[in-house]
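> got a predicted structure here, sequence first:
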Amino acid sequence: MIKTTKTKALSLSMIVSLALTGMANANVTNKDILNDQMTTEDVVTYGLGLKGQRYSPLKKINTETVKEMRPVWSFSLGGEKQRGQESQPMIKDGVMYITGSYSRVFAIDARTGDELWQYDARLPDGIMPCCDVINRGVALYGDLVIFGTLDAKLVALHKDTGKVVWKKKVEDYKAGYSITAAPIVVKGKVITGVAGGEFGIVGKVRAYDAKNGNLVWERPTVEGHMGYIWKNGKKMENGISGGKAGQTWPGDLWKSGGAAPWNGGTYDADVDLLFFGTGNPAPWNSHLRPGDNYFSSSRLAIDPDTGKIVWHFQTTPHDGWDYDGVNELISFDYKQNGKTVKAAGTADRNGFFYVLNRENGDFIRGFPIVDKISWASGLDKNGRPIYIDSNRPGNPADSKKGKKGTTVTSAPAFLGAKNWMPMAYSKDTELFYVPTNEWEMDIWNEPTAYKKGSAYLGAGFTIKAINEAYIGVLRAMDPKTGKEVWRYKNYSPLWSGVLATAGNLVFIGNPEGYLLGLNAKTGDVEYKFNTGSGIVGSPITWEMDGEQYISVLSGWGGAVPLWGGDVAKRIKHLNQGGSVWTFKLPK
Amino acid sequence: MKKSNSRLLCFAFSCCWFLCATAFSRSYDDIIESNEIVIAVYSDFRPFSYLGNGIDKGKEQGIDVDLARIIAKKLGVKLRLRWMTADESVDDDLRNNLWKGHYLKRTVADLMLRVPYDREYSLLRDDIGELVHQHVHMFAPFHTESWQVIYNSKKIESVETIAVFQYHDIGVEVDSIPQFYLTSAFRGRMRDRAKQFPSISEAISAMTESKVDAVMGLTSQISHLQSQLSKTDYPLAKNAFPMIGRQQWDIGMAVKADYRQLGYAVADIVESMIKTGEIEKIFAKYNVIYKLPNLYKTSE
């Protein structure tokens, strides 16, 4: 009797101490975040490292072994809320954290696929997110799981229980704001942008203290708006973005300039800068707002401590085609003439890939990432587009009474040569793997248009495939030469993130439902598995119990199915879903 | 641009996943049987449909709300209002609120108010030749809308033409047609003078505080807000709006194309209300200038 009790007490204390050590290890630190790219046992950042290279040094799954790879578990996001699943999973201590459509978060046992907890944000009536009810993932810090909601709140949950620790309203959803991107944590601060339609919003990047959600700084992305910093709880002016209003905008249109940084950001510790991209300027009709319209359709380098803009690079000045400049800027180094160049690469919706000096934003080189670009004939020595004026969509005010105006055909289409879906950079091959789409749009003036009970001159447009055989093209691009090394063509548009590994593999999903594993050097398909619904999420890989795992969300949706015309024909048969698939090699 | 006035051919969803009973627009018989009609009106849209403040705090009111009440009453059913958040165009609002539902919440109304009554618009074809509005039936124009400038007579002697707004600041609602118009017409010569405000009533307040000299908006909105001001200090201008496209247009309502019987019943109610002057009385209650649609003028 006595003996048994003792053993019990002993084992109980062991459990307690084990649990305690487990807890202590489990907190995500700044160091974990900074080293994420090299630590293979966890994925604690969006982009597998703050640089966003989406490269893993793992190579147990490689071009030789990948054929044997098979699913080990699948997890259903359930309910009747099956919409686009654009999330990238995170992994910490054998737990996977994902977001789902409609602002949901799940914690899953990464070994078994068992659900540990689920959090459902209560969404108000009347929210109007632009492009599906998606979310791209969480940020991890300390014992918190942090994500942005469709009604523009930032919510921090406890990693073990899913209970709310703090919650902050970032913007008013009634004014048209929402959040869909994954926040990032840099130096203990959660950094997030906002998404917003064209309801006269002003884009802002904000930093919050990750521990309690207190605002640290706020940086408007439109010229003329004051930035703020909070010191000891006191809000202080911190300089007007761009110096002053009215330099690159006419009238007071800067007051509602758009430029929403809706796709999140990256960070490079080497130069200690945050990189955020910004959306198109508002209103959409470029004839209303002559000028470059800073800082729309740009990449901004922001000081993470103060929120000051250190440099900017505008990919589409005076945008008239809806070419948001939100796509991720990925830091990478390369050698040229014996010298290391601190570069960064970004693939824009406008059809060009830009290599920039990440210390100062100087343009190094640029090259097309699609076969057809009709709005610009190229880039000048500073990286500014050389416009083809006849290809700018016309001013609806110029349309003849009652007549549908002449149609302008522009490539790429408004959904972009590359949209939000993150590319990958492999330090082994020194190539960028860029998910692109070959499509164009027709735009015409429309004299019979109505908005909230008012008649006006509007514009109509439609999106079309350029080639019968394919829209999606995954391209392997050499950033040093601008040469395309290989391409993989896909019938429907690509809308999934990319992952590169040291196993000489590149993973991507397609709307047809396949997780594809391609040879990083040749583009040959080495692996394919149908997950049952279209993939628009970003795959990850990690190591657990000595084995390499790969995970991806499956669940068709996002912006593509919301559009019609020619493209709809290719995708309307695709079924919705909502699940996580996890793979490994058999033992 | 991505969302404005798109020719959407939407992806059809195969399942009804949420409150099937009220997810679809319903036939006349179903409405009568259920003893309830769902009518969609725009939220926060003075003087048409809004929640009151002051002593009327939270009370559903406005021209469209009153009209909806009478329609329900004359059909002999209870009224449930569906408050719409305006999307970028009426095409989107029709899809979100009448024939398909927004993807967030696939429910729709039986009847939607403040829909244009415009033959050209209802017969619009998309880029592949399909009828854009094949899913809805637009009918029963109940008033004619137009644009209006109100100005501070101490600052501007008179507004003969829109050209004075090359020299005088004019307030507009952000992301509205007047904003687009003033920033684009005449190669943007009035662009620097167009000052944007979150709402028309805030623009009017700015005018009374001498921050702008005039305001442009819908005739209904401007006349409604003018009623709280001195008409000699803040008169209505008589200028035209060249290059704005349509100078005036009719506002009516819509039902789903399959439910024309409901449309006919409602059209009869509206027509009798126009003949008895009931509609005009509702407009007068909100101090709004009423203009009779042409349809009824010719039928007289």
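Everything's here; your move.
> how close does B:P293 get to B:D250?
4 Å (C-beta to C-beta, to the nearest Å). (Each C-beta comes from the backbone N, C-alpha and C, glycine too.)
> cool, A:V44 as well?
From A:V44 to B:D250 the distance is 59 Å (C-beta to C-beta).
> please enumerate the shared neighbours of B:P293 and B:D250.
Each of B:117, B:141, B:143-144 lies in contact with both B:P293 and B:D250 under the rule C-beta atoms under 8 Å, 6 or more residues apart in numbering or on different chains.
> sort out for me which of those are in strands.
B:117, B:141, B:143-144 (DSSP state E).
> filter those residues by proximity to chain A?
By C-beta under 8 Å from any C-beta of the partner chain, no member of these lies near chain A.
> okay if I get those residues as a markdown table plus distance to A:A139 and pLDDT?
Shown next, in a markdown table, are these (distance: C-beta to C-beta, whole Å; pLDDT from 0 to 100):
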| residue | distance to A:A139 | pLDDT |
| --- | --- | --- |
| B:Y117 | 51 | 96 |
| B:P141 | 53 | 97 |
| B:H143 | 52 | 96 |
| B:T144 | 54 | 96 |
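> in JSON lines: those residues, plus neighbour count and distance to A:L431.
Putting these into JSON lines (neighbours: other C-beta atoms under 10 Å in any protein chain shown; distance: C-beta to C-beta, whole Å) gives the following:
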{"residue": "B:Y117", "neighbour count": "22", "distance to A:L431": "58"}
{"residue": "B:P141", "neighbour count": "23", "distance to A:L431": "62"}
{"residue": "B:H143", "neighbour count": "24", "distance to A:L431": "63"}
{"residue": "B:T144", "neighbour count": "18", "distance to A:L431": "63"}
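> and the helices in chain A?
Ranges of helices within chain A are A:2-26, A:30-34, A:565-571, based on DSSP state H.
> packing partners for the second one?
The criterion is 3 or more C-beta pairs under 8 Å, 6 or more residues apart in numbering or on different chains; DSSP states H and E, and the helices and strands that helix A:30-34 contacts are strand A:184-186.
> ok now the strand it packs on, how far from the chain's centre?
14 Å (C-alpha atoms, centre = their mean, to the nearest Å).
> cool, and stretch A:67-75?
Using C-alpha atoms, centre = their mean, the offset of stretch A:67-75 from its chain centre is 26 Å.
> repeat that for stretch A:352-361.
18 Å.
> how about stretch A:232-245?
27 Å.
> do the same with stretch B:163-177
The answer for stretch B:163-177 is 21 Å, by C-alpha atoms, centre = their mean.
> kindly report the same for stretch A:561-568.
22 Å.
> show me the contacts for B:S34.
B:26, B:77.
> quick check: bridge partners of A:A107?
Beta-bridge pairing of A:A107 under DSSP bridges involves A:Y97, A:W117.
> thinking it is in contact with A:E115, fair?
Yes - the pair A:A107 and A:E115 passes the contact test of C-beta atoms under 8 Å, sitting 7.4 Å apart.
> which one's more surrounded, these two?
Set side by side, A:A107 and A:E115 show more neighbours around A:A107, with 25 against 14, by other C-beta atoms under 10 Å in any protein chain shown.
> spell out, range by range, the helices that occur in the stretch 101-250 of chain B.
For the stretch 101-250 of chain B, applying DSSP state H, counting those that start in this stretch gives helices covering B:119-122, B:177-188, B:200-208, B:219-226.
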